[in-house]
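[1] need a structure here:
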Amino acid sequence: MSLALSGGETSKVPGCELCEQTGGVLILRTPDLRIIRAEDADHPAFYRVIWNAHVAEWTDLPPEQRSQLMRAVAKVETVLRDNLKPSKINLASLGNMVPHLHWHVIARFDWDARWPAPVWAPAQRTVADAAARLAVPLAQLDARVADALQTP
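    Below you'll find the predicted structure:
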């Protein structure tokens, strides 16, 4: 089991993509976690909440840190729902390819390339410039996500 450290310390694992790289467009970083937006042309409102310390499983975190992580996930979801009115929000903590605890928070739309299938399924249609179809430009959405996470 990896050790989850708090107070800004992290245990890094060589070769772990999420230990060595930001993981996408950095929206906000705190001592314990970071929010990034994945650069996915088909799913432009695809965010990840990543625990900074290298832990592979949810239960590697003590209960207080689990609560902190889920509050962040809920805030990201709320911003996406309030601003984009998606058909559905997909939440997932898979970590099969990158065993570093992170949650996917993905706004899904009935017009997106893979709807209603999962985001990793083959595309069912071509959607040109999906980001332009969002109700709020990505820069504004990113700022609103960051603001929500900085508000207690």
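[2] ok, longest helix in the chain?
    When secondary structure is assigned using DSSP state H, the longest helix within the chain turns out to be helix 63-84.
[3] Packing partners of the following helix or strand past that one?
    Moving toward the C-terminus from helix 63-84, the first helix or strand encountered (DSSP states H and E) is strand 88-92. If contacts are counted by 3 or more C-beta pairs under 8 Å, 6 or more residues apart in numbering; DSSP states H and E, strand 88-92 sits against helix 63-84, strand 102-108. Heads up, the C-betas are built off the backbone N, CA and C, glycines and all.
[4] any chance of those in a markdown table, plus mean neighbour count?
    Putting those into a markdown table (neighbours: other C-beta atoms under 10 Å) gives the following:
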| stretch | mean neighbour count |
| --- | --- |
| helix 63-84 | 17 |
| strand 102-108 | 22 |
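[5] Surely residue 149 forms part of a helix?
    Yes - secondary structure of residue 149, determined by DSSP: H, G, I helix; E, B strand; the rest coil: located in a helix.
[6] Show me how far stretch 61-70 is from its chain's centre.
    Distance of stretch 61-70 from its chain centroid, counting by C-alpha atoms, centre = their mean, to the nearest Å, is 16 Å.
[7] And for stretch 145-152?
    14 Å.
[8] Equivalent analysis for stretch 67-84, please.
    Here stretch 67-84 is found 10 Å from its chain centre; the criterion is C-alpha atoms, centre = their mean.
[9] Look at residue 6 and report its pLDDT.
    Per-residue confidence at residue 6 stands at 44 (pLDDT).
[10] The one 10 residues further on too?
    Model confidence at residue 16, given as pLDDT, is 80.
[11] how close does residue 104 sit to residue 21?
    According to C-beta to C-beta, to the nearest Å, residue 104 stands 17 Å off from residue 21.
[12] among the helices and strands packed on strand 88-92, which is nearest residue 13?
    Judged by C-beta to C-beta, the one of these that comes nearest to residue 13 is strand 102-108, at 13.7 Å.
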